[in-house]
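[1] how would this look folded up:
(chains A and B)
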Amino acid sequence: MIKPSPLEASAAHYRKIVPAGDYWMHVVRAGETFRIVDLEGNQAVDTLFFNADDPAEHYSASDTIREQANIYLTTGTVLRSDLCRPMLTITADLVGRHDTIGGACSTESNTVRYALEKKSMHACRDSFLLAIADNDHYGLTKRDIAHNINFFMNVPVTRDGGLEFADGLSAPGKYVEMLAEMNVIVLISNCPQLNNPCNAYNPTPIEVLIWGAGP
Amino acid sequence: MTPVTSDTLPGGKHWSLVMWRNSRLKLTDIDGGANVGMLFYNPYNLLERYNAPDTLKCQHSFKLVAGHCLYSDMGRIFCSIVADSFGWHETICGNSTKSSVRSKWGQSSYQADRNDWLQNGHDSFLVEAAKYGLGRRDLASSVNWFSKVVVADDGAVSLDAGAAKPGASVELRFEMDTLVLFHTCPHPLNASANYPRKKVRFDIFDGPPASVDDPNRLSAAENARGFENNRIFHIGCCAGDHP
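    Residues are numbered from 1 along each chain as shown, chains lettered A, B, ... in the order given. Okay, here's the model as predicted:
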């Protein structure tokens, strides 16, 4: 459901531009609101969440889908952990539909999807792996890299069971916003994919913003 | 073909085994309405595991049917679906849990119910995973064989209970040595009045490797590349019996 946010960007206590191909890893505290802005449109923002107090608990696509009995993420969606606990709730969304079935690109999956010669092209799972290595104080390893969210991606399932990466519903300046229900580590790979028409073969920057918990 | 071994897993139970490359595993839903949750790992590098998103997106499919391949997160094929009389298996809904089983079908304990206790898919995987040094962090979105989950235009998912088919079977040919964890606990969207206890027969066969004109290999250019990744993975092994 499309729902704008009442929050003003100027009131955010944290703002950062994340270029395409970079990762961003940051703790959002319970009660804070976190926004991702698709600055130029149809950018894939591959996102994982971990419980900051026990990073062994992570975002779970299947728990999230099963509990809301719907594959699309939008306003009202509760993003759940592998223990089925609420991690964040989507409180505002200018797009109306985000994907959590398509997963993240990797160098290995690129060889299957596109060509064996593409194995050295930059991919989201490399960003995830570098992020957890650079931030090894969290104790995360490859086993913690579960199935992610693709914010701003439109991956419809057809009635006969087909799956496609359709033209995006997003556009420059559209955003999705969520309220943290627990202290979470946010791990974003701002997708570097150059082989998929879903982003017009043009990965672009995003902005992330955080507002403090209310009084 | 005569199975090397055959066994039956009662409903609501769990098991695990290692399938060797080129062997086949045939699952049969004897009474109709079974669910088999299944996860796959590389026994020599347990960090390589089944990846449902990679499997679905490289084959442009939400459902799993004959002709499809099940991929690891390393771009390799654990197994090919070489035969399927059911026609629509799902791999995104995950598992039943202790709390979902209790809220649907009531409190159950081993003390009161002995081996008729109501087990759940999530805990079943935890037990089987632990036998190989794996834990909760290693679980991923599983396959749910014999469960047809459909998606409406608005994204709503539902389990099509009418798809149940007594005697339905699905046969997998393993394209690399693979650790298989599985359970026969109810699908998480199962809304039966009573906890469903649906047994599943599993037959294991020896078999030849995929030929150069194998239907799974030829089903999509993506799968041809997946088979090539497996071939490279096996160089130096097995006297080159992989085309």
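
[2] what's the nearest residue to the residue in chain B that chain A sits nearest to if we skip its chain neighbours?
    For chain B and chain A, the shortest gap (C-beta to the nearest C-beta) falls at residue B:53, measuring 2.4 Å. Where C-beta positions appear, they are placed from N, C-alpha and C, glycine not excepted. Leaving aside its sequence neighbours, residue B:53 sits nearest to residue A:103 (C-beta to C-beta, 6 or more residues apart in numbering or on different chains; 2.4 Å).

[3] can you pull the pLDDT of the one you found?
    Here, the pLDDT recorded for residue A:103 equals 96.

[4] what do you get for residue A:164?
    Note for residue A:164: predicted pLDDT of 81.

[5] now the helices: where do they sit in the chain?
    In the absence of a named chain, this looks at chain A. Along chain A, the stretches classed as helices by DSSP state H are A:61-68, A:107-113, A:124-134.

[6] Correction: the question concerned chain B.
    Listed in chain order, the helices of chain B (DSSP H) span residues B:52-58, B:98-105, B:110-113, B:121-130, B:215-218, B:221-233.

[7] touching chain A at all, stretch B:161-174?
    No. Figure legend: stretch B:161-174 not in contact with chain A (C-beta under 8 Å from any C-beta of the partner chain); closest approach 11.8 Å.

[8] Need the residues that contact that stretch.
    Taking contacts as C-beta atoms under 8 Å, 6 or more residues apart in numbering or on different chains, the residues outside stretch B:161-174 that touch it are B:19-33, B:70, B:78-89, B:145-146, B:148, B:190-192, B:207, B:210, B:216.

[9] Just the buried residues from the residues you listed, in PyMOL please.
    Those of the contacts of stretch B:161-174 that meet the burial criterion (16 or more other C-beta atoms under 10 Å in any protein chain shown) are gathered into one PyMOL selection, given here:
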select buried, chain B and resi 19+21+22+23+24+25+26+27+28+29+33+70+78+79+80+81+82+84+86+88+89+145+146+148+190+210+216
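
[10] Chain A next: which of the contacts of stretch B:161-174 are close?
    Residues of the contacts of stretch B:161-174 in contact with chain A (C-beta under 8 Å from any C-beta): residue B:88.

[11] Now intersect the contacts of stretch B:161-174 with the strands, please.
    Counting by DSSP state E, the part of the contacts of stretch B:161-174 found in strands is B:19, B:24-29, B:70, B:78-84, B:145.

[12] List the beta-bridge partners for the residue nearest the centre of chain A.
    Most central in chain A under C-alpha atoms, centre = their mean is residue A:47, positioned 2.7 Å from the mean C-alpha point. Residue A:47 has these beta-bridge partners by DSSP bridges: residue A:149, residue A:188.

[13] got any ranges where chain B has weak pLDDT?
    Within chain B, the set of residues satisfying pLDDT under 70 comprises B:238-243.

[14] which residue is nearest the middle of it?
    Central residue of chain B (C-alpha atoms, centre = their mean): residue B:38, at 3.4 Å.

[15] For that residue, give me its contacts.
    B:142, B:143, B:144, B:145, B:180, B:181, B:182.

[16] Could you work out the most separated pair of those residues?
    Distances among those were taken as C-beta to C-beta; the most separated pair is B:144 and B:180, at 14.3 Å.

[17] Residue 128 - how many residues pack around it?
    Just so you know, I chose chain A. Around residue A:128 sit 24 other residues, with neighbours defined as other C-beta atoms under 10 Å in any protein chain shown.

[18] meant chain B, my bad for not saying
    Quick note: residue B:128 (other C-beta under 10 Å) scores 20 neighbours.

[19] repeat for the one 3 residues further on
    For residue B:131, the neighbour count with other C-beta under 10 Å is 10.

[20] ok, what's across the strand from the residue nearest to it when sequence neighbours are not counted?
    Spatial nearest neighbour of residue B:131, excluding adjacent residues (C-beta to C-beta, 6+ apart): residue B:16 at 6.3 Å. In this entry, residue B:16 is beta-bridged to residue B:181, by DSSP bridges.

[21] check contacts around the residue nearest to the centre of chain A.
    By C-beta under 8 Å, 6+ apart, the residues touching residue A:47 are A:36, A:59, A:148, A:149, A:150, A:151, A:186, A:187, A:188, A:189.

[22] re earlier: can you verify my assumption that the residue nearest to residue B:131 contacts residue B:134?
    No. Taking contact to mean C-beta atoms under 8 Å, the distance of 10.1 Å between residue B:16 and residue B:134 leaves them out of contact.

[23] Done for today, thanks.
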